[in-house]
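K.L.:
No sequence on hand, only this structure:
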């Protein structure tokens, strides 16, 4: 959901390369770890393919709420695929989105980092709250809010660090403006949390093994 | 499921929803009816942006090229079928 909606050329070449390198390092680590996971649980690859398609499909739809926002299902990606396949899914979705003209190529690195923070935090929150919040719908909802909040914070951080070429505002003005964007984005998180909660609850009922939970949860 | 624990989680979720919706509505009121791109340009202080030239269509719309969207979605669908046949779930 958090996504840097700026065109190519907004960041200097230096920062484009920095964010790309960090993103590639994280994805490289995921690829290296994938050998172990793929052997242990090959079904996760199928789930990753399904969430990639679902995330790409919904990510391109502009929803006429709060002036225009969109979902991207990153918390669901995190909950269902985990920290190893999640980065790969996020990279593929961002590349395909840029390919159809949604987001700049130079910003893929930064956007992968933003989405990755959503995936990882949602996954951590969903796992970490298992004892405190046993209900799958509620736990997935809280994990979604946590993930998307971190994604928005990451988005603000990356933009403030990089700066925007041609911007006339001071960093403080930019922080204020970006905070408002984050607040509007979080409004959409309510719908994303509801959707994620419904999907996770349904999977928990029919295939709890896919979530790594016992059937009675 | 432990009832009190279940209720605690639900209460936390409801509190988050109320807080987030309130913040989003206030932010929307402050920024006005702008597209995502327009909000970014306004936040960055880039003039001549979407605040003066917001050409988005009303209602649901697709970002990017619709033909490429359908083509890529079809390819992803085929990849899903291939992955399902190969690895199952």
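P.N.:
That came in fine, so what should we check first? Owing to the predicted nature of the structure, the values given are computational and were not obtained by experimental measurement.
K.L.:
So what's the residue count around residue A:159?
P.N.:
27 (other Cβ atoms under 10 Å in any protein chain shown). The C-beta positions use only the backbone N, C-alpha and C, and glycine is treated the same way.
K.L.:
again but with residue A:200, I slipped
P.N.:
With other Cβ under 10 Å as criterion, residue A:200 counts 26.
K.L.:
Which SSE is immediately downstream of the helix or strand hosting residue A:108?
P.N.:
If you go by DSSP states H and E, residue A:108 is part of helix A:108-128. Per DSSP H and E, the first helix or strand lying C-terminal to helix A:108-128 is helix A:136-162.
K.L.:
by how many degrees do whichever helix or strand comes after that next one and helix A:136-162 diverge?
P.N.:
Going down the chain from helix A:136-162, the next helix or strand is helix A:171-206, by DSSP H and E. Angle of helix A:171-206 versus helix A:136-162, following axes from the mean of the first three to the mean of the last three Cα atoms, to 10 degrees, is 150 degrees.
K.L.:
just for the chain, where's the confidence low?
P.N.:
In the absence of a named chain, this looks at chain A. A:1, A:38-39, A:214-217 (pLDDT under 70).
K.L.:
hmm, I had chain B in mind actually
P.N.:
In chain B, residues with pLDDT under 70: B:1-6, B:47-58.
K.L.:
Count the neighbours of the closest residue to residue B:27 other than its chain neighbours for me.
P.N.:
Leaving aside its chain neighbours, residue B:27 sits nearest to residue A:183 (3.5 Å; criterion: Cβ to Cβ, 6 or more residues apart in numbering or on different chains). Counted with other Cβ under 10 Å, residues neighbouring residue A:183 total 21.
K.L.:
What distance do you get for residue A:183 to residue B:31?
P.N.:
Between residue A:183 and residue B:31 the computed distance is 9 Å (Cβ to Cβ, to the nearest Å).
K.L.:
List the buried residues of stretch A:28-38.
P.N.:
By neighbour count on 16 or more other Cβ atoms under 10 Å in any protein chain shown, the buried set for stretch A:28-38 is A:30, A:34, A:37.
K.L.:
rewinding a little: surely the residue nearest to residue B:27 touches residue B:26?
P.N.:
Yes. Assessed by Cβ atoms under 8 Å, residue A:183 is found in contact with residue B:26 at 7.1 Å.
K.L.:
related to what we said a few turns ago, need the contact list for the residue nearest to residue B:27.
P.N.:
B:23-24, B:26-27 (Cβ atoms under 8 Å, 6 or more residues apart in numbering or on different chains).
K.L.:
of those residues, buried ones?
P.N.:
The buried subset of those - by 16+ other Cβ under 10 Å - is B:23-24, B:27.
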